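Participant: need a structure here:
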Amino acid sequence: MLLLHEKNIYKLIIILFEKYTYKDLIKLIKRKYLNTTYICQLFIEAKTKEDTLFDIRLRVRKNIYGQRQKVKIYLRIGIGRNITSNISRGGAIAPIIPFLQSNFKDN
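Facilitator: Residues are numbered from 1 along each chain as shown. This is a model prediction of the structure:
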């Protein structure tokens, strides 16, 4: 979901592109998004010492008791300055400990 503001028009991009007035946008957000719990992720521009973008993913799933548990932690590395670290688009997965030691050994 992406929220854009241009003059007096707010654009909420989900799958379809639709235009809303401020008042209608607030109604939509209250109706569709404030009655449910969502996990939001702050954008962090993480770069290697070679200036390549990367992210670290933590995969979780619910166990038989309905509690979330860790499945896997992995590191995705993009290509060059491309923000997409998607594996199917040319990114790569790397072992996390050697990667962190190589790029952040002073920390």
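
Participant: Quick check: which ranges of this structure have low pLDDT?
Facilitator: Counting by pLDDT under 70, the ranges of the chain that qualify are 1-2, 13-17, 38-40, 80-86, 107.

Participant: how's it carved up into domains?
Facilitator: Structural domains annotated on the chain: 2-34, 47-104, as defined by the TED database.

Participant: Switch the ones you listed over to TSV; also include mean neighbour count and distance to Q41.
Facilitator: (Glycine included, C-beta is placed from N, CA and C.) Shown next, in TSV, are the domains of the chain (neighbours: other C-beta atoms under 10 Å; distance: least, C-beta to C-beta, whole Å):
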stretch	mean neighbour count	distance to Q41
domain 2-34	11	14
domain 47-104	12	10
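
Participant: Convert the top helix by length along the chain to PDB, retaining C-alpha atoms only.
Facilitator: For the chain, the longest helix by residue count, based on DSSP state H, is helix 22-32. Extracted C-alpha coordinates of helix 22-32, given in PDB (Å, rounded to 0.1, in the frame of the first residue of the first chain):
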ATOM      1  CA  TYR A  22      -9.000  13.700   2.400                       C
ATOM      2  CA  LYS A  23     -12.300  13.100   4.100                       C
ATOM      3  CA  ASP A  24     -13.100   9.900   2.000                       C
ATOM      4  CA  LEU A  25      -9.500   8.700   2.600                       C
ATOM      5  CA  ILE A  26      -9.900   9.000   6.400                       C
ATOM      6  CA  LYS A  27     -13.200   7.100   6.200                       C
ATOM      7  CA  LEU A  28     -11.600   4.300   4.100                       C
ATOM      8  CA  ILE A  29      -8.700   4.000   6.400                       C
ATOM      9  CA  LYS A  30     -10.900   3.800   9.500                       C
ATOM     10  CA  ARG A  31     -13.300   1.300   7.900                       C
ATOM     11  CA  LYS A  32     -10.700  -1.000   6.300                       C
END
